[in-house]
Each structure stands twice: as structure tokens, then as C-alpha cells.
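Trainee: coords below, sequence missing:
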């Protein structure tokens, strides 16, 4: 019986249908190229999408029956810069149609990719543990005995009527930004988490063995509102830095140039007068003043009355 039940759930997809589906996805290569960020090219994106469909026949069957739902999901995946059918972005089936879901790993990756975040922390708080807020510093998570390896992080437990009930106390997430500052600390208790669970398309994952991942995903999506998650942020930062550098360069005072010599009158050639130089033939006691050699008197010299005795003179009226 079990074997027949498992056999009935298997989905057989013809190879021809898969080939046609791959060709249809490839036709949107140009659309994906316009949406994808620089780190992921369209050719690689199309190949990963085709591989994800080949790995999961149930997803491929839904895509064949509703190809528009597949293209919508792939467009959203390309816009976010993720690889389809991975831990970053899941291709799920809801009511026979493809629904793309960004995983919390994808949200965290976009935070890192933006360039403003150096670390992201997200954790659930189990019974017996305590969370201490220290805004604006990161919170302290107290675990009994500091035994992190043996924590029970099951999201639900069964009550007396064998119904799943939540057991986690809450979850939190925060990011360390460039420069060491802590972002807003997102904290959600059990009551708030149950509001998100109530509006989920399905509660199977919430109440399953990996339900704690849904708690982490919820706080990471809330943290996304408080930190940059787009690659455009990095480009905008670089552009702003370049604009600031140009503004500082234009505001710097220009070097003062030496004043130019006056223009010579028309028809004349402008010549610079040579600087006076010592006359070698005058010895060490001579200097040049107004281009005329003048003897420098020796030290201690004082003019006397006989300075002109050696000059011939003729008294007034003494001429012949």
C-alpha cells in the first residue's frame, strides 16, 4: 500500500515538455538581463532556473501548466539578484501555480551585498533563555550554562490533545554596520509571531521540524526595513564620494601666479636690465653704484683738510 501511495505521488514529465519549458524561459533572457544586478549574468540565471525545474518534477509540472506563474517568480528572483531554486529563493507550488519565496538566507545575502553591513545576527529564544536589550549596543542572549550546542529550538510542541502549540519565546535580529555601529534590534515575541503565522499561505512549515526557520525569516524580513539591502546603495555611495571629491577640488584656492612684466611699447623690444655684478678688476675694496666704480675707503678713514693738497688750484684773479 505504501509503495502504491508513493508511486501515485510521483510526477512524470515528458522530455519534450521540459525542452519546450526551457526554451520558453530562455526567451526571457533579455528581460532577466535588465533586472539582474552586475554579479549575476542572464545566461547563468537561465541555466540555474532550468536545472531547478529538472530537479523537481512537481515544480516543472506546475510550470508547464501555468508558465506565466513561473515567469513572474523568475522575474522577482532576478530583481532581487538571487539564484532560483536555492536557499536564497525557493520555487514552490501553491494551488497548482509557481510561487517564488525569498528565504531569510537571501535577505541576509542582500544586506551583505549592499556593502553597508559587515555582520548579521539572527537567533530564536527558547524556553529557559533570556534576552537582554542594551540599545544602542547589541543585545545579550543568556543561555543556561552557556550550552549552545544542546539547545532545543523546536518551534512547536504537542499539547494534551496532540495539537501543535508554539514553544519558542521569540526571535531577534540585528546588523553590525560599517564603522561598528549596531542597527536597530528587531525583537518579536511569540504573540507577534503568531500574527505572521496566521496570514501565511500554509502553516505546514511553521508547525514542522524546521519551524524555527520561519521565526528567523520573519525577523530578518523586518530587519530588512532598517538596513540597506540593494546593490544600488554601494553605487550611490561611490557616486556621492566622487561628487564630494570634485566639489572639494573646485573649492580649493588656485595658486597665485607671479605678476607679469609690463608690455613693451609697440615697435620696441623689451629687454631686462642685467643685475649689477661685482667688478673683478676693482679688487675687494671696490663696489658698483649706478654702474660707476667707487673706491671704498679703508676702515677708520676720516677726511682731513689736506685731502685736496695734491690737486693744482689757481686763486681768484691769479690767472694770466
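Mentor: Yep, it's here. What you see is a predicted model, and the numbers here were worked out from it, not measured in a lab.
Trainee: switch to C-alpha atoms for all contacts and neighbour counts from now on
Mentor: Noted.
Trainee: buried ones in stretch 69-83, by neighbour count?
Mentor: By neighbour count on 16 or more other CA atoms under 10 Å, the buried set for stretch 69-83 is 69-71, 73-78, 80-83.
Trainee: ranges for the helices of the protein?
Mentor: When secondary structure is read from DSSP state H, the chain shows helices at 2-9, 15-27, 29-35, 42-55, 57-65, 67-80, 104-114, 190-198, 211-223, 231-251.
Trainee: quick one: low-confidence residue ranges for the stretch 151-300 of the chain.
Mentor: 231-246, 252-300 (pLDDT under 70).
Trainee: and with 50 instead?
Mentor: Residues of the stretch 151-300 of the chain meeting the criterion pLDDT under 50: 282, 284, 288-292.
Trainee: could you pull out the strands for it?
Mentor: In the stretch 151-300 of the chain, the segments counted as strands under DSSP state E, counting those that start in this stretch are 156-158, 164-166, 170-177, 186-189, 286-289, 292-295.
Trainee: picking that back up, show me which pair in the buried residues of stretch 69-83 is furthest apart.
Mentor: Spanning the widest gap among the buried residues of stretch 69-83 are 69 and 81, at 18.5 Å by CA to CA.
Trainee: ok, and the closest non-adjacent residue to residue 132?
Mentor: Leaving aside its sequence neighbours, residue 132 sits nearest to residue 140 (CA to CA, 6 or more residues apart in numbering; 5.0 Å).
Trainee: against residue 221, how distant is the one you found?
Mentor: Taking CA to CA, to the nearest Å as the criterion, residue 140 is separated from residue 221 by 21 Å.
Trainee: residue 153 too?
Mentor: 20 Å.
Trainee: same question, residue 139
Mentor: Distance from residue 139 to residue 221, by CA to CA: 19 Å.
Trainee: again with residue 108
Mentor: Distance, residue 108 to residue 221, by CA to CA: 9 Å.
Trainee: who has more neighbours, these two?
Mentor: Comparing residue 108 with residue 221 by other CA atoms under 10 Å, the one with more neighbours is residue 108, at 23 against 18.
Trainee: can you pull the pLDDT of the more buried one?
Mentor: With respect to pLDDT, residue 108 scores 92.
Trainee: who's in contact with it?
Mentor: Residues counted as contacts of residue 108 (CA atoms under 8 Å, 6 or more residues apart in numbering) are 120, 220.
Trainee: burial count for the residue nearest to residue 132?
Mentor: Neighbours around residue 140, by other CA under 10 Å: 11.
Trainee: quick one: contacts for residue 92?
Mentor: Neighbouring residues of residue 92 by CA under 8 Å, 6+ apart: 59, 98, 99, 100, 101.
Trainee: do that again at 10 Å, thanks
Mentor: 56, 58, 59, 62, 70, 73, 85, 98, 99, 100, 101 (CA atoms under 10 Å, 6 or more residues apart in numbering).
Trainee: how much space separates it from residue 98?
Mentor: Counting by CA to CA - residue 92 and residue 98 are separated by 6 Å.
Trainee: which neighbours do these two have in common?
Mentor: 59, 62, 70, 73.
Trainee: any weak-confidence spans in the stretch 1-150 of the chain?
Mentor: Ranges of the stretch 1-150 of the chain meeting pLDDT under 50: 1-8.
Trainee: at 90 instead, please
Mentor: For the stretch 1-150 of the chain, the stretches with pLDDT under 90 are 1-15, 17, 38-39, 114-116.
Trainee: distance to residue 157 added to the shared contacts of residue 92 and residue 98, as a markdown table?
Mentor: Shown next, in a markdown table, are the shared contacts of residue 92 and residue 98 (distance: CA to CA, whole Å):
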| residue | distance to residue 157 |
| --- | --- |
| 59 | 31 |
| 62 | 33 |
| 70 | 36 |
| 73 | 34 |
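Trainee: can you pull the contacts of the nearest residue to residue 117 once chain neighbours are set aside?
Mentor: Take residue 117 and drop its neighbours on the chain: the residue closest to it by CA to CA, 6+ apart is residue 177, 4.4 Å away. Shown in contact with residue 177 (CA under 10 Å, 6+ apart): 112, 115, 116, 117, 118, 119, 120, 183, 227, 228.
Trainee: same question, residue 225
Mentor: Contacts of residue 225 (CA under 10 Å, 6+ apart): residue 184.
Trainee: that one and residue 31, how far apart?
Mentor: Counting by CA to CA, the gap from residue 225 to residue 31 is 27 Å.
Trainee: what of residue 128?
Mentor: Per CA to CA, residue 128 is found 51 Å from residue 31.
Trainee: could you do residue 49 as well?
Mentor: For residue 49, the distance to residue 31 equals 14 Å [CA to CA].
Trainee: between those two, which one's more packed in?
Mentor: residue 49 (20 against 13).
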